[in-house]
Every structure is written in C-alpha cells, then in structure tokens.
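what shape does this take:
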Amino acid sequence: MITKFRERWEKLKESAKRKKQARAAAETTSVMNDRIDEDPEAEEQAERDDLLAQ
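Sure thing, here's the model as predicted:
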C-alpha cells in the first residue's frame, strides 16, 4: 500500500512539474508574440517636431 502511495505521489509531482513548465512556456511565447502597433501619423508628427526644434 505504501508503494502504491509513493508511485501515485511521484506521478502527481511529475504532472505538476509538467503543468508548471507548460504554463511558463505559454507565458513567454505570448509575451514574445505581442505586437506593438505603430502609428505612422504620430511618427511623422514627431519627425516634423524634431525638424522644427532644430
């Protein structure tokens, strides 16, 4: 009975470990895949402001 408990405990620990790694991998990939939307009008305005400041 104790051996059965130990085997189940080991399986549970391995499962938790895999879930934790999968969750961490999902977080890092979602951060890397986030797009930064560019605003071309704002960039043009900033360039104009830079030229006027000179």
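
and the gap between residue 9 and residue 51?
69 Å (CB to CB, to the nearest Å). Every residue, glycine included, has its C-beta placed from N, CA and C.

please read the previous query as pertaining to residue 3.
Residue 3 is 78 Å from residue 51, by CB to CB.

ditto for residue 39
From residue 39 to residue 51 the distance is 18 Å (CB to CB).

ok, residue 28 next?
Taken as CB to CB, the span from residue 28 to residue 51 is 40 Å.

residue 1 too?
From residue 1 to residue 51 the distance is 81 Å (CB to CB).

centre of the chain versus the longest helix along the chain, how much separation?
Secondary structure of the chain per DSSP state H: the longest helix is helix 2-33. Centroid displacement of helix 2-33 relative to its chain, using CA atoms, centre = their mean, to the nearest Å, is 17 Å.

swap in stretch 39-49?
For stretch 39-49, the distance to the chain centre is 30 Å (CA atoms, centre = their mean).

and that stretch, average pLDDT?
The pLDDT scores in stretch 39-49 average 81.

using the three-state scheme, assign residue 38.
Under DSSP: H, G, I helix; E, B strand; the rest coil, residue 38 falls in the coil class.
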